[in-house]
Structures are given as C-alpha cells and as structure tokens.
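[1] sequence and computational prediction follow.
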Amino acid sequence: MEPSEIVTYVFFGLAAFAMVYYIKQLRERNLKAAEVDNAPKIAGEDELGGQALDPEQFAEPDDDALDEMEELLKDAAESQGIEYGED
C-alpha cells in the first residue's frame, strides 16, 4: 500500500468517526428535547397560547346562541324525564 492510500484511509476513517460522533450528539440532544416537550403538564405550569380576537363578543349572547341553549336544555331535560317549561 502506498503512503497516499494510507493517508486517504486515515482521513476517511476520521471523517466517518466524526460523522458518527456528531449524529450521536444530535440524537442525544433531540431525545432530551423530546423528553422535556412530552413531559406531563402540571396544572398551572403549562402555557396556553392564543387569545380571542374579539373577546367582547362573548359578553352578551346573541339570539341564535340563546335559542341553541334553549334547545340543549330541552333535550337534556327530556332525556332525564323532566318536563321543561319556559317561565
């Protein structure tokens, strides 16, 4: 074997070792991040993102929402054998 071949094999061997080492480190970092991201949430510690675009719209229900609630109450009362009547 010629010295240039030996140098080439040593170079490729070191490059392969460096790639394996880098991939192993990347894998460990990703596993740790996944463990933190998938840990059980404790009430009050997790952050819920987003907000209502127009929170004032929920202050006063519209007629459609009231009619739908009335239907839900009637259905719930009927399923329990209670007579639902409007006052």
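    Perfect, I can see it now.
[2] please count neighbours and contacts with C-alpha atoms only from this point.
    Noted.
[3] low-confidence bits of the protein, can you list those?
    For the chain, the stretches with pLDDT under 70 are 46, 48, 86-87.
[4] and the longest helix for it?
    For the chain, the helix that runs over the most residues, judged by DSSP state H, is helix 3-37.
[5] so how far is it from its chain's centroid?
    Taking Cα atoms, centre = their mean, to the nearest Å, the mean C-alpha location of helix 3-37 is offset from the chain mean by 31 Å.
[6] list the buried residues for the helix or strand following it?
    Counting by DSSP states H and E, the next helix or strand C-terminal to helix 3-37 is helix 63-79. By 16 or more other Cα atoms under 10 Å, the buried positions in helix 63-79 come out as Lys74.
[7] the chain should start at 242 in everything you say after this.
    All set: I'll call the first residue 242, so the last point we hit is now helix 304-320.
[8] roughly how far is helix 304-320 from the heart of the chain?
    On Cα atoms, centre = their mean, the centre of helix 304-320 falls 33 Å from that of its chain.
[9] ok, Arg268 - how many residues close by?
    The number of residues packed around Arg268, counting by other Cα atoms under 10 Å, is 12.
[10] can you tell me how far it sits from Pro281?
    22 Å (Cα to Cα, to the nearest Å).
[11] check Phe253 too.
    44 Å.
[12] those two: who's more crowded?
    Using other Cα under 10 Å, the more surrounded residue of Phe253 and Pro281 is Phe253, with 12 against 9.
[13] distance of the more buried one relative to Asp308?
    Distance, Phe253 to Asp308, using Cα to Cα: 75 Å.
[14] same question for Arg270.
    Distance check for Arg270 against Asp308: by Cα to Cα, it reads 54 Å.
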